[in-house]
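sequence first, predicted model second:
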Amino acid sequence: MNPESPSPSGADAPSGVDSRSGTDALSQADASDGADAGTADPGGRGESRAATLHDVARVAGVSLATASRVLNGSERKVAEGFRERVERAAETLGYTPNVSAQSTARGRSPVIALLVADIADPYFGQIAAGVARGADERGLVVTISITDRDPERERRILRALRGQRPQGLILAASRAEDAVAPAASPDERAAFERYGGRVVSFGEERSSDRVGRSVVLDNAGGAVELGRRMAELGYRSAIGIGAAEGVRTSDDRLNGFARGFAEGGGRLERILRGDFRRESGAAAMSGALAEGVAPGTLVFALSDVVALGAMSAIRAAGREIGADIAVCGFDDVPVSADVTPALTTVRLPLNDAGYQAFRAVVDDEWVQAPLPVEVVVRESTPALAYAGA
């Protein structure tokens, strides 16, 4: 009996079978001597050349198609015994799949491209972790590019990525509603999809701009609920710290907070403008303190990172966080629970959102799973003595 006969479930193909379709086409592309890594003597003949997929299949005692399915990320099932033999042979020979050949055969590479504004911001770090979790499940690679919120830089990155043919492009940076020269415009994204990749963005888009798929986080809803909760705690006067007008994430959060706070009898008295950096939060708060901030005032920052900057400025001015000036943020990044006092915030499932973005790239039938938000009240917003009076 052929040692590689297929199981009743069709888990594998017999040795020597070449259907010339799907991953079998990849086996032809990857069987050449253009493999990326090699070994001194893959065939035991005393010669020095790069190990090929043919070598791996021969040493493992399986067909070329089977070796390709194991090593090139195919979704077709391979019997565990064959998989172990192929992986062991590849490790012994020092074989690495030829990504360039795979890209040519597939029309795309086994890469997911993630664009973030600032990798030092834990907001984007958590999204990236979710994308990486999904990529690991499928044997794909994630590349991360940093736009620094520069539209021209983002366009340059997109043009460079098109030539690399990644399977998908995930745009995680905040977008401006009416930018003069919008980055990742509908035309740019449509061009990317013509090269065989799928585009996934964060946030809802106008129907005229819609290209690809979107993962939606309920920034406005979470901010409305936060505003209501702060009013329930007795706060009536608040200062907002946001990004420039037109940045969707900032606008959604500030407007939502103002609406929820007003429903409970509070008022957002003024909005200070900056950006998403900690230093921006500190500078905005320092300016507000110089103008005067009454005790019992609540500060709502568009993100936890900005809120942490505001907290440092309050301390530097000799004021107390909490009983004197309360502070709340948004996102619930890990450090928010570790600072003193711990920061009140809105918890976003950012890791899960990143995972959803990955699934949106690879699953044709993808539908977004729920991404619930949650208000987390901590010591930075104690209840005022007259709350509920």
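In hand now; what should we look at?

just list the residues touching the residue nearest to the spatial centre of the chain, thanks.
When C-alpha atoms, centre = their mean is applied to the chain, the residue found nearest the centroid is Ile127 (3.4 Å). The contact partners of Ile127, taken as C-beta atoms under 8 Å, 6 or more residues apart in numbering, are Leu114, Val116, Ala172, Phe202, Leu350, Asn351, Ala353, Gly354, Ala357. (Glycine included, C-beta is placed from N, CA and C.)

what's the answer for Glu188, then?
The contact partners of Glu188, by C-beta under 8 Å, 6+ apart, come to Arg155, Leu158.

can I get the helix or strand harbouring it in CSV? Just the C-alpha atoms.
Element membership for Glu188, per DSSP states H and E: helix 186-194. As requested, C-alpha coordinates have been extracted for helix 186-194 and formatted as CSV (Å, rounded to 0.1, in the frame of the first residue of the first chain):
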residue,chain,number,x,y,z
PRO,A,186,-10.6,55.8,-1.7
ASP,A,187,-8.6,55.8,-5.0
GLU,A,188,-5.4,54.7,-3.1
ARG,A,189,-7.2,51.9,-1.4
ALA,A,190,-9.0,50.8,-4.6
ALA,A,191,-5.6,50.6,-6.3
PHE,A,192,-4.3,48.4,-3.5
GLU,A,193,-7.3,46.0,-3.9
ARG,A,194,-6.6,45.8,-7.6
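
now that helix: mean pLDDT?
For helix 186-194, mean pLDDT is 74.

swap in stretch 289-306?
pLDDT averaged over stretch 289-306 gives 97.

end-to-end on that stretch?
Start to finish, the residues bounding stretch 289-306 are 16 Å apart (C-alpha to C-alpha, to the nearest Å).

any idea how far the residue nearest to Thr340 when sequence neighbours are not counted is from Ile325?
Computed as C-beta to C-beta, 6 or more residues apart in numbering, the closest residue to Thr340 that is not its neighbour in sequence is Glu379, at 7.9 Å. As for Glu379, its distance to Ile325 is 13 Å (criterion: C-beta to C-beta, to the nearest Å).

more crowded one of these two?
Legend: neighbour count by other C-beta atoms under 10 Å for Glu379 and Ile325, higher for Ile325 (25 against 15).

so what's that one bridging to?
Beta-bridge pairing of Ile325 under DSSP bridges involves Thr297, Ile321.

who's in contact with it?
Neighbours of Ile325 in contact, by C-beta under 8 Å, 6+ apart: Val293, Pro295, Thr297, Leu298, Val299, Ile314, Arg319.

show me the contacts for the third one.
What it means is Thr297. Residues in contact with Thr297, defined by C-beta under 8 Å, 6+ apart, are Tyr235, Ser237, Ala238, Ile239, Ile325, Ala326.

now swap in the second one and tell me
With contacts defined as C-beta under 8 Å, 6+ apart, the neighbours of Pro295 are Asp324, Ile325.

secondary structure element for it?
For Pro295, there is no enclosing helix or strand under DSSP H and E.

for it, give its distance to Gly265.
Distance check for Pro295 against Gly265: by C-beta to C-beta, it reads 18 Å.
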